[in-house]
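1. got a structure for you, letters missing:
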Ligand code: AMP
Ligand code: MG
């Protein structure tokens, strides 16, 4: 039996980040950038006004007050996007809108509300300091400056920055195509009516959803019967993917059949017993040169194994550096007994109880009980050496979603 860490290490060592592709910046949202971005231009490109008001020379405002206004000649009107045509001389001002370029000669802006319009003149009611209400050229980004580094995740702010620099396409790591092969004579697809002896291959869908959720592209290969030709055909079809997942057929007896067949498509598979519950049986290796993981067939085992081993692998392929779900400490609301020597992942509901996190299991923990997974927002991780964990003790909980971050709307 190997540990969870050894299994994870073995899988991650066989996985490398995928190559780069050029995508539109909106399609890059959530992806990992594969190039450094240097500003090809300054933002803003020219000094411009931060306010609606008048562009002028600060020294012309000296001594101005509501009781003793100073009058300047208004020589021009500069709306946003316009080019100033006149130089501002002593005693002159230009009416200017937010974002419009500062005319030559002017060194400050006085806000509209600090002035009164008086025919072709403006009266100034306050003094302004030199540079007031001017956004300076390059104050956001200087031309040549590095603004985004390789390896960073593209968020809406990065999309906005790239747009302001005129970059509509960037290089990001490719999304892995992840083939999913379900195995088992007892399985039917979703729209078939299962007879008494058959069950729907829910793994085909939960695994595809997990792949999608972490940014991969699921490739549904369908259900392979527990027969030589069918297994061969399905595994061959899967080999165009970047990663192959199968479910079922890795229990001790079954594995021999799968292993036998996989040899014919050029497999190097090892069979592991991982010291965890659920998810003990796991096969890992490659078909041709495509990394391949044989996940257990039980619906919860398949999902829990995916969370521990496949999610980090897909994130690594996508170029991410942070591969793991958040783990928080929470106070356990009940007593739990477990088997020594095996790490337990227990479906649970974690919540903020006003002072800290509290966690309670979501019921029946059989590896075929998907309902307790549906109700869970986390997995309590109990270490190998533990045998009994008491109510009130602190335990680690791996978060499965962001429900802990959801806050009530302000005012509720
Ligand atoms: P196996 O490891 O092939 O013996 O599968 C163990 C159990 O998992 C089976 O008895 C099925 O009940 C269940 N199972 C296997 N494959 C799937 C699947 N694709 N979807 C849902 N349940 C499955
Ligand atoms: Mg089976």
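-> Structure's in. What do you need? On a predicted model such as this, the values are computed, not experimentally measured, just so you know. Ligands and ions are numbered 1, 2, ... in the order given.
2. any idea which element the nearest residue to residue 155 once chain neighbours are set aside lies in?
-> Closest residue to residue 155 apart from its sequence neighbours, by CB to CB, 6 or more residues apart in numbering: residue 29 at 7.3 Å. For glycine as for every other residue, the C-beta is placed from the backbone atoms N, C-alpha and C. For residue 29, there is no host helix or strand (DSSP states H and E).
3. mind checking how far residue 29 is from residue 395?
-> Noted for residue 29: a distance of 35 Å to residue 395, by CB to CB, to the nearest Å.
4. Same check on residue 45?
-> 56 Å.
5. Compare these two (neighbour count), which wins?
-> The neighbour comparison of residue 45 against residue 395 (other CB atoms under 10 Å) goes to residue 395, with 21 against 11.
6. ok, the more buried one - contacts?
-> 329, 330, 331, 332, 359, 380, 381, 382, 389 (CB atoms under 8 Å, 6 or more residues apart in numbering).
7. Check the closest residue to ligand 1 within the stretch 251-400 of the chain and give its pLDDT.
-> Residue nearest to ligand 1 within the stretch 251-400 of the chain: residue 297 (2.4 Å; CB to the nearest ligand atom). According to the prediction, residue 297 has pLDDT 95.
8. Which residue is the nearest non-sequential neighbour of it?
-> Closest to residue 297 by CB to CB, 6+ apart is residue 248, at 3.1 Å.
9. ok, that neighbour to ligand 2 distance?
-> Per CB to the ion, to the nearest Å, residue 248 is found 4 Å from ligand 2.
10. still on that earlier bit, how about the contacts made by the residue nearest to residue 155?
-> 154, 155, 156, 159.
11. and after the helix or strand where residue 10 lies, which helix or strand comes next?
-> For residue 10, the host element (DSSP H and E) is helix 4-13. For helix 4-13, the following helix or strand on the C-terminal side (DSSP H and E) is strand 20-24.
12. which helices and strands sit right next to that following strand?
-> Taking 3 or more CB pairs under 8 Å, 6 or more residues apart in numbering; DSSP states H and E as contact, the helices and strands that strand 20-24 lies on are strand 169-173.
13. relative to strand 20-24, how tilted is the strand it packs on?
-> With axes from the mean of the first three to the mean of the last three CA atoms, to 10 degrees defining the directions, strand 169-173 sits at 140 degrees from strand 20-24.
14. How about residues contacting strand 169-173?
-> So strand 169-173 is contacted by 17-25, 28, 31-35, 37, 154, 162, 317-319 (CB under 8 Å, 6+ apart).
15. Now, of those, which are buried?
-> Using 16 or more other CB atoms under 10 Å as the burial test, the contacts of strand 169-173 include 17-18, 20-21, 23, 25, 28, 31-34, 37, 154, 162, 317-319 as buried.
16. ok, what's across the strand from residue 124?
-> Residue 124 forms beta bridges with residue 70, residue 115, as assigned by DSSP bridges.
17. Touching, it and residue 69? I think so.
-> Yes - at 5.9 Å, residue 124 counts as touching residue 69 under the criterion of CB atoms under 8 Å.
18. The two: who's more crowded?
-> residue 124 (25 against 17).
19. Report pLDDT for the more buried one.
-> Value for residue 124, per-residue pLDDT: 97.
20. which residues sit in contact with it?
-> 54, 56, 60, 61, 64, 69, 70, 71, 72, 110, 114, 115.
21. three-state assignment of the first one?
-> When states are read from DSSP: H, G, I helix; E, B strand; the rest coil, the local structure at residue 54 comes out as strand.
22. if I look at it, how far off is residue 171?
-> Applying CB to CB to residue 54 and residue 171 gives a distance of 46 Å.
23. More neighbours: which of these two?
-> A count of neighbours by other CB under 10 Å puts residue 54 above the other of residue 54 and residue 171, at 28 against 16.
24. tell me the secondary structure for the residue nearest to that one when sequence neighbours are not counted?
-> For residue 54, ignoring the flanking residues on the chain, the nearest one in space by CB to CB, 6+ apart is residue 93 at 4.2 Å. Assigned with three-state DSSP, residue 93 falls in the strand class.
25. Relative to ligand 2, how far out is residue 93?
-> 83 Å.
26. can you give me the end-to-end distance of stretch 3-22?
-> End-to-end distance of stretch 3-22 (CA to CA, to the nearest Å): 39 Å.
27. Not counting it itself, show me its contacts.
-> Under CB under 8 Å, 6+ apart, the answer for stretch 3-22 is 2, 32, 34-35, 169-176, 242-243, 272, 274-276, 282, 284, 286, 291, 293, 308-309, 312-313, 316-319, 323, 343, 384.
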